[in-house]
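# Need a 3D model of the following:
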Amino acid sequence: MECFEVSSLQNLQALSALLSTQQEEEEEDCKNVTACAQMGPGQIGPQTKKDKEEPAASVKKNSKDIWSEEEVAEGSQYDDLTDLRPQPEYEIILKQSVGTEDLFLGLSRKDPSSMCCEAMLVKIKLPDTKASDVVLDVKEKFLDLRTPKYKLGLHLPHPIHSQEGTAQFFSEREELEVTLLMKRPMDFINMQ
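Here you go, the predicted model:
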């Protein structure tokens, strides 16, 4: 019996020594928790060097420009906050040339996604407007339409060929349809 008591006593002392070192480590961890609690999302990842940020700030201070040309959206020169003309209703429809070989056999590798569309149709409702009153300007990513009653500055969802489009005014529906050929990165596949 004494054998068991001595070994159990040694086991208890060994366990006590282990627990006491763990408690000391936990106390040190608790001290570090306050430092970790003060960290935010900005401290995640490698630390940035503040030396690099200062020259960029000094360049911006020397320049009188508020924005760079890359930051200004195309067509923003047409925005006029003092012009109170309403924006007409419009709808953008993507068009795709589909033949029987596409529909039944899938030979041309086209799918119903917008990536395979060739043209964009913009339908604009212009009630009480004549075709002669419409002024239309089309850029690569922006469509600007002005009439005496309406103003539309539309940022297009895809770049287009600004010189290759058609516009048709339907006086019976009082609607303007603008068909624009889209620029695609994979045009060599889409135009076959």
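
# Please make it C-alpha for all contacts and neighbour counts, starting now.
Will do.

# Ile66: neighbour count?
Ile66 has 9 neighbouring residues, counting by other Cα atoms under 10 Å.

# Please identify the helix or strand for it.
In this structure, Ile66 is located outside every helix and strand according to DSSP states H and E.

# just so I have it, where are all the strands in the protein?
Using DSSP state E, the strands of the chain run over 90-95, 119-125, 135-138, 142-146, 151-155, 160-170, 175-182.

# which sections of the protein are below the confidence cut-off?
1-6, 21-39, 42, 44-63, 69, 72-80, 106-109, 111-114, 185-192 (pLDDT under 70).

# Go again with 90.
Residue ranges of the chain with pLDDT under 90: 1-85, 87, 94-118, 141, 153, 155, 157-158, 161-164, 182-192.

# Which stretches in it count as helices?
Per DSSP state H, the chain carries helices over the ranges 2-37, 50-62, 100, 187-190.

# rewinding a little: tell me which of the strands of the chain lies nearest to Gln13.
Distance to Gln13, taken as Cα to Cα, is lowest for strand 151-155 among these, at 76.9 Å.

# That closest one pairs with which strands?
Strand 151-155 pairs in its sheet with strand 142-146 (antiparallel), by DSSP bridges.

# quick one, the strand it pairs with and strand 160-170 angle?
With axes from the mean of the first three to the mean of the last three Cα atoms, to 10 degrees applied, the angle from strand 142-146 to strand 160-170 works out at 30 degrees.

# So what's the residue count around Thr179?
As a burial measure, Thr179 scores 20 neighbours (other Cα under 10 Å).

# How about the contacts made by it?
Shown in contact with Thr179 (Cα atoms under 8 Å, 6 or more residues apart in numbering): Ala119, Met120, Leu121, Val122, Gly165, Thr166, Ala167.

# is it possible to export the residues you listed to TSV including distance to Leu12?
Shown next, in TSV, are the contacts of Thr179 (distance: Cα to Cα, whole Å):
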residue	distance to Leu12
Ala119	82
Met120	81
Leu121	84
Val122	83
Gly165	89
Thr166	91
Ala167	92
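
# Quick check on those residues: which are buried?
By the neighbour-count criterion of 16 or more other Cα atoms under 10 Å, the contacts of Thr179 include these buried positions: Ala119, Met120, Leu121, Val122, Gly165.

# Is the fourth one in contact with Leu181, as I believe?
No: with contact defined as Cα atoms under 8 Å, Val122 does not count as touching Leu181 (11.4 Å).

# Show me which residues of stretch 161-179 are buried.
Using 16+ other Cα under 10 Å as the test for burial, stretch 161-179 gives His161, Ser162, Gly165, Phe169, Glu175, Leu176, Glu177, Val178, Thr179.
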